[in-house]
Structure formats: structure tokens, C-alpha cells
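>>> Dropping the sequence and predicted coords here.
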Amino acid sequence: MDTQNTSAPPRLQSAADRNPTRSRHHTGDVVHENTRHTTRFVVIGNHLTQHPELSLLAIGPGCHIQSPPTGIPVDIKSLTARCATATAATTAATPSAPRNRNPLPRLPHSRRSPLKPVRKPMVSPPHEAMHRIFQHDPGLFSRVSRFLGVDIPTPVKATALPTDLTETNPVERRVDTLLRFETAEQGAFLLAVEAQSRKHPDKPASWAYYTAYLWTKYRLPTALLVVCQDHATAKWAEQSVSCGPPQMPTLTLHPVVAGPHNMPVITDPEEARADLALASLAAITHAAEPVVDAILKALSTALRDEPEDIASPLIEFTAQGLGKNPAKHLWRNLVAVDLSFYKSYLAEEVRAEVRKEVRQEVREEVQREVRQEVREEVQREVRQEVREEVRREVRQEARVEGRAEDILFVLEQRGLDVSDDVRSRITDCTDPDLLRHWLARAVTAPKAEEVFEGQ
């Protein structure tokens, strides 16, 4: 954007004497107004107005946003107020606004159901890993092609292209990964990479659209690679699909599929080290297979000696590609142990889980220690309490024994005959009050047996 100019006319002027630069002959082509302006103008480059990826609906608000004086608000509400007759169009053309279609006109005596926003399905981590690894290493396809039975010349150049295949209509279409290869033998060609986790009846039609659209847009031969993680989906994706009747197939789709049925099983660390991206793709495509454990161990060993900038993305792709398969736990442990230098969300997640486990172990250990300490402390307290109780009981027993002996002593001193029954009854009694009563009787009773009278 350049200096503003306020002298720009509101429209093209007619061919008059004051406008000699305007031709009087009109055709259907563009007519440029070449009048020089000194005020109220703004320079907008062709990179915006002729942008191949923007619709006309988006270019209009884009040009308008660059033209107001400094300080004028250009948020969605302000643009809507400025263009009151194009509220829905302004909202749809602004990148930060929700992309809703224009409301349907209300017909007389009719009712319209409210439109529900179309929700784009969330993609899973394995889905992202299966195709993004080709973005990370575009040359991987040329090394994978030999396992697919496809004779592709070795590319001399590989470029990742925009994946947006959306047309000017509201339908949004995006291929997962799009690469352009340059070869010395056959020239350039495009490769669309699609990650497919399950069978879907609508996918073949979408793939046919992608390839046809890319062929039309770039005028280059277009190939399709579908990456799968299970045999059933891979077998389904390999089937040829024609858009016409059997007698006139018109357009036939022949996807090339990479999956557990043809991807190599790399269990040798040296072989994994020779092509780390291929080893990572092997782990991703065999994520649900028993051999994945050996592949992951070989890959982790190979990555151990690699610099972090090389190891980091491959570790992330592998972790995403394993998804919720049981092998993810082995990979997390391998990352935490064999690749302890590596720091990322995966390693931090493993450390967090280990920390949680260790915390639980320490908590249980501390609980045992505290229980023992509290037990010993309670034992000391209870021991003291029991000691006091026992002391009281012993004292009580001593008092009882002493009174029984006093009763017998008094009877013997008075010269009374104390039989064995009387002696046993006195010594067996544990009631101090009763013994006290017997002691008082022993002083005056004429016979030892009469000590028990009055009970």
C-alpha cells in the first residue's frame, strides 16, 4: 500500500477534451483509465487483484480494506455496516469470519427450516502422519514406488504444492498432500497423497475429482497414492473405479496403495538408518501388525545417533501414525529411554506419565512409612494407657489380697477355728466392699462362719 490519493474519479470518465487519453472506440476488452491522480488514491498490486487462489468475492473486500484512511476500522461489523446490502457476502469473503452461505429468500406462505452449519470432520493423528511424512520428505515416494510395483523415474526435484482444491462455489475440497516432481526422463508430474483409515463409499468419487481437477489446473500428469493401515482398507482402495457405464468408462481411477500388504518390514537398525523416513512409514502402515514392535525398536536405535532436527519430526510422525494402537506405549517408552535427549510433547507426555506413576509409588511408600510411624506412636500411647489400666488393676488386686489376709489374720488372732471352706471363700472374693464388710464382722463374730452372715 502506498500514499493515499483523493483525486481519483468515482468512475471512468467519458471521452472528452479534458480526457484525451480515453479512446472513443469501445470493445469488449478491458479499458484502462490512465488519468494521473495526485490525491485520494492507493496502489494495489496485481499480486492481490490477480491472485490465482482468491475468489472475486475475496478480492473485493481485500481491495476495500487497503483503501480507507488510517484509523478507519475494518473489522467484520464495520465492513458489514459499510456494505449493508452485502452482509452475507462480506462475512463469507472475510477469512476470520464463519463461512455461511447466503440465507435463502423467504417465499410467500412458506416456511424455511434453519440451515445447520456443515461441520468438517476432525482428522485423526494417524491420518495426518500417513500423508504428512511425504510432505516432510517428498523424495520418499520415489523410494516407496519400488514396493508398489510402479516404475517411476528418480525425481531431480520435488515441491509441495497447496492442497486446497476449492472452486469458487461454496464446496470445499482439499487433498491431504500434493507434491510436484521433476524428472529428467518424463518431465514433471503431480502426486496426490491420501490417507485412508477405513472404507468410505464416497471416497473414490472424491479421488477422481482431485485427479481430474489437478490435471485441469496444472496441465500435468497426476498420480494418486492412498496410504492405509489395514489389509481390508488397502484391498478396497486398490480397486479401479469408472465414472461412466461399463460400455463407456470415460474416466477410470487406478489408485496406487501403500499399506501393510506391500510396505517393507524393517527390523534391522542399519536398514532403518539408511532410510529413516521409509522406516517411519513402515511403522505407521504396520501399526496394527505384530511386527510393528520390531520395527519401532529398529527405528529408535537408528534415531539414537541422529541430530535432533532430523529425529524430531520422524518421532512425531511415528507417534501420530501409531494412533491408539497398543504399539504406541512401546514407542513412548523407547522415546523416553533410548532417545532421552529428545524433548517434545511426546517425551513430555511420557515424562508426565512416568512422573504420575512415580508419584503414586512414592505416595504408597510414604503412606507405609507414615503408617508405621503413626502405628509406633499410637503403640506408645496405647501402651501407656494400658500400663495405667494394668497398674490400677494390680493395685486393686493387691488391695483385695491384703484385705483377705487381714480378715484371716483377725480370725486367727482371736483364736477362732478357720476351716478350709471359710479360708477359700475369703481368698477367692474380689469385691473390696464385701471384704471390708467381712473384716468388720471378723472383729466381733463368735465363729469364723458367722463372718458371712447378713449378706
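All right, it came through fine.
>>> Tell me which helix or strand R399 sits in.
Element membership for R399, per DSSP states H and E: helix 345-413.
>>> Show me what whichever helix or strand comes after that helix is packed against.
The helix or strand immediately downstream of helix 345-413 is helix 420-428, counting by DSSP H and E. Helices and strands touching helix 420-428, by 3 or more CB pairs under 8 Å, 6 or more residues apart in numbering; DSSP states H and E, are helix 345-413. Every residue, glycine included, has its C-beta placed from N, CA and C.
>>> could you give the angle of the helix it packs on to helix 420-428?
Here helix 345-413 points in a direction 140 degrees away from that of helix 420-428 (axes from the mean of the first three to the mean of the last three CA atoms, to 10 degrees).
>>> now helix 345-413: mean pLDDT?
The average of the pLDDT scores along helix 345-413 is 85.
>>> same question, stretch 296-306
90.
>>> same thing with stretch 321-331?
On average, stretch 321-331 scores 88.
>>> Show me which residues of it are buried.
Under the neighbour-count criterion of 16 or more other CB atoms under 10 Å, stretch 321-331 has 321-323, 325, 327-328, 330-331 buried.
>>> Restricted to helices, list the residues you listed.
321-322, 327-328, 330-331 (DSSP state H).
>>> Check those residues and tell me the two furthest apart.
Greatest spatial distance in these: G321 and L330, 13.5 Å, computed using CB to CB.
>>> what about V193, helix or strand, and which?
strand 187-195.
>>> Quick one: name whatever helix or strand follows that strand.
With DSSP H and E, the next secondary element past strand 187-195 is helix 203-218.
>>> Only the C-alpha atoms, please, for that next one, written as CSV.
C-alpha atoms of helix 203-218 as CSV (Å, rounded to 0.1, in the frame of the first residue of the first chain):
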residue,chain,number,x,y,z
LYS,A,203,-14.0,-41.5,-1.5
PRO,A,204,-13.5,-42.9,-5.0
ALA,A,205,-15.6,-40.1,-6.5
SER,A,206,-13.6,-37.5,-4.4
TRP,A,207,-10.3,-39.1,-5.6
ALA,A,208,-11.5,-38.9,-9.2
TYR,A,209,-12.4,-35.3,-8.7
TYR,A,210,-9.0,-34.5,-7.2
THR,A,211,-7.0,-36.0,-10.0
ALA,A,212,-9.2,-34.6,-12.8
TYR,A,213,-9.1,-31.1,-11.2
LEU,A,214,-5.4,-31.2,-10.7
TRP,A,215,-4.8,-32.4,-14.2
THR,A,216,-7.0,-29.5,-15.5
LYS,A,217,-5.4,-26.9,-13.2
TYR,A,218,-1.8,-27.7,-13.6
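>>> Quickly run through the sheet partners of the next helix or strand after it, with directions.
Moving toward the C-terminus from helix 203-218, the next helix or strand (DSSP H and E) is strand 222-227. Partner strands and pairing direction for strand 222-227 (DSSP bridges) are strand 187-195 (parallel), strand 256-258 (parallel).
>>> Centre of the chain to stretch 45-57, how far?
36 Å (CA atoms, centre = their mean, to the nearest Å).
>>> average pLDDT across it?
pLDDT averaged over stretch 45-57 gives 72.
>>> Am I right that F181 sits in a helix?
No - assessed with DSSP: H, G, I helix; E, B strand; the rest coil, F181 is strand; it does not lie in a helix.
>>> number of nearby residues for it?
Using other CB atoms under 10 Å, F181 has 25 other residues around it.
>>> if we can go back for a sec, which strands and helices lie in contact with the helix holding R399?
helix 308-322, helix 327-337, helix 420-428, helix 432-442.
>>> could these go into JSON lines alongside distance to K217?
Formatted as JSON lines, the helices and strands packed on helix 345-413 follow (distance: least, CB to CB, whole Å):
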{"stretch": "helix 308-322", "distance to K217": "28"}
{"stretch": "helix 327-337", "distance to K217": "38"}
{"stretch": "helix 420-428", "distance to K217": "115"}
{"stretch": "helix 432-442", "distance to K217": "113"}
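>>> Quick one: classify the closest residue to D268 other than its chain neighbours as helix, strand or coil.
Excluding the flanking residues, the one nearest D268 by CB to CB, 6 or more residues apart in numbering is A298, at 5.9 Å. Counting by three-state DSSP, the backbone at A298 sits in helix.
>>> isn't A298 right up against V265?
No - A298 is not in contact with V265 according to CB atoms under 8 Å; the separation is 9.6 Å.
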